[in-house]
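[1] take a look and give me a structure for this.
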Amino acid sequence: MAEPVDEHRLADAGGTLDRQNPARARAGPRESVIERREVVLTVEQRALLRGMGAGHRVPSQHGGTARCTNRRDLRFCVCPDRNLRESSPDRALGVPPIMFRAAIARRAVNVAVSVAFLVTSCGTAAPPDATSTADGAPKVLRVAMFAAGNTLPVQVALTHGIFERHGLRVQLTEGPDLPVFMAALAKDQYDIVMSNPSLVLIGADKGIDLQIVSGLQRSSRQRPNAVWISRDSGVDALAELRGQAIAVPSLTGIIADAVTYLLQEEGMSRDDVRFVQTPFPTMGDQLSAGNADAAVATIPFSSAIGARGFRLHDDVIVEAVRKASGGAVDVAITTVWTAARSFGTEDPDVVRAWRSSLREAIELLYRDETNARRMMQEWLGLPPQVVERAPLPDWGVDITAADLEPYVAISRAVGATDTEPDVDALVWREP
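    Next up, the predicted model:
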């Protein structure tokens, strides 16, 4: 018998609940990883795992304890068994258990949505920038990212054959910790990883030879992304959070740095608050339980948290960039794609194919925003009503060295970096 599923907890975890049959509750990103081999479980076994959360085990019909895959959408898996995790090819490389190489079924998404997109995107000849190996096979590209609204273009490019048409075979790893991706990139475990400007500057400061190969998302006051959220609706400013706990996705990186910078502008310091590392999908639970007094969440998770009655405020990155630039810059770079500098130098065709694939996926998403929202809802497993209210991210591929300047000021002000980086060298350019 499955334990009762807490609907609010499930919604924050990115899951959905069938009121007529709670056993059909679908796991969200908090519990999901991707692995190579599919193990089929019964509905009851899946419900047990998802109802109890990661760390519990259920016997599979194949023997032993199971990592389960929902056949309706291969992205949603639970891998609670340590022995299975350690047998993963990625585990041998030192990649943390939550991150597994994706052998994703290219069409494992809602059929109606796929057809709508495929009508406009498939059946065309290979684009001019299509790349391949010497024997004509697609170029394998190892990519690591966090599943959220801003990375939806990658999911679209992957599931709709866009990468393939550009000569790329993407092997995708999903996980919640961007600093871990940076460390794995330095060990040549990935070719391209999701990152943010602050982490890039920190990496460069530590001597990692890297480059930003493309942008991913921008934000502004008109189109905010990383908004801070207070449990107490009477709180109006970050400075009112002195002595309180703030949930952030990582203790390093642009969100933590932006909040720290804004606190410093109010005469406070990082020590005046307590940062609590919390995955986006569980931030609402932490606010409800009183374990956090505020949180910083991105699209679409911020909308899900706001729907539970918590108060949404400004985008912390936008406000930090505005202050760091003296008001001259009002558009912030939220996330970027990063690679080793040698990768961009030795494989410029692959970088071009990557950027072109993302552009094509972004064009598809903006061409039909209704289907874009449906795709996001299916992929992240969020309730449809939440995604309908959530704004679409401001996706974009282009980025310049000048875009990094405010982040240099922020990183140095908060003590994240000590050196003055060569921002021109940190952004990939056409050779």
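[2] any idea which helix or strand in the chain has the lowest mean pLDDT?
    Least confident helix or strand of the chain, by mean pLDDT, DSSP states H and E, is helix 82-86 with a mean of 26.
[3] residues touching the nearest residue to residue 338 once chain neighbours are set aside, list them.
    Leaving aside its chain neighbours, residue 338 sits nearest to residue 195 (4.3 Å; criterion: CB to CB, 6 or more residues apart in numbering). From N, CA and C alone the C-beta is placed, and that goes for glycine too. By CB atoms under 8 Å, 6 or more residues apart in numbering, residue 195 lies in contact with 178, 181, 182, 203, 212, 335, 336, 337, 338.
[4] let me know the closest of those to residue 377.
    Distance to residue 377 across those (CB to CB) is lowest for residue 335, with 20.6 Å.
[5] got the phi/psi numbers for the residue nearest to residue 338?
    Backbone torsions of residue 195, given as degrees, to the nearest 10, read phi -150, psi -170.
[6] report the beta-bridge partner residues of it.
    residue 336 (DSSP bridges).
[7] so it versus residue 179, what's the distance?
    In this view, residue 195 and residue 179 are 9 Å apart by CB to CB, to the nearest Å.
[8] still on that earlier bit, which pair in the contacts of residue 195 spans the largest distance?
    Farthest pair in the contacts of residue 195 (CB to CB) is 203 and 335. Separation: 14.6 Å.
[9] pick out whichever of the two has more residues nearby.
    The neighbour count for residue 203 versus residue 335, taken as other CB atoms under 10 Å, is higher for residue 335 (29 against 22).
[10] residue boundaries of the strands in the stretch 251-400 of the chain?
    Secondary structure of the stretch 251-400 of the chain, counting by DSSP state E, counting those that start in this stretch: strands at 274-277, 294-297, 311-315, 331-340, 394-395.
[11] just the ones you listed: most buried one?
    Mean neighbours per residue, mean count of other CB atoms under 10 Å, is largest over these for strand 294-297, with a mean of 27.
[12] adjacent strands (with direction) for that one?
    Using DSSP bridges, strand 294-297 pairs in its sheet with strand 227-230 (antiparallel), strand 245-248 (parallel).
[13] list the contacts of that strand.
    226-231, 235, 238, 241, 244-249, 255, 259, 278, 280, 283-284, 286-287, 305, 310, 316.
[14] mean confidence score for stretch 343-362?
    Averaged over stretch 343-362, pLDDT sits at 96.
[15] kindly report the same for stretch 153-173.
    Per-residue scores along stretch 153-173 average to 96.
[16] what about it, how long is it end to end?
    One end of stretch 153-173 to the other measures 15 Å (CA to CA, to the nearest Å).
[17] same question, stretch 238-251
    Chord length of stretch 238-251, first to last residue, is 17 Å (CA to CA).
[18] now do the buried residues in stretch 403-415.
    403, 404, 405, 406, 407, 408, 409, 410, 411, 412, 413, 414 (16 or more other CB atoms under 10 Å).
[19] got a markdown table for those residues, with distance to residue 355 too?
    Below are those laid out as a markdown table (distance: CB to CB, whole Å):
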| residue | distance to residue 355 |
| --- | --- |
| 403 | 16 |
| 404 | 18 |
| 405 | 22 |
| 406 | 23 |
| 407 | 21 |
| 408 | 24 |
| 409 | 27 |
| 410 | 26 |
| 411 | 25 |
| 412 | 29 |
| 413 | 31 |
| 414 | 31 |
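[20] out of those, which comes closest to residue 395?
    Nearest to residue 395 out of the buried residues of stretch 403-415 is residue 403 (CB to CB; 15.1 Å).
[21] excluding chain neighbours, what is closest to the closest one?
    Per CB to CB, 6+ apart, closest to residue 403 is residue 333, 5.3 Å.
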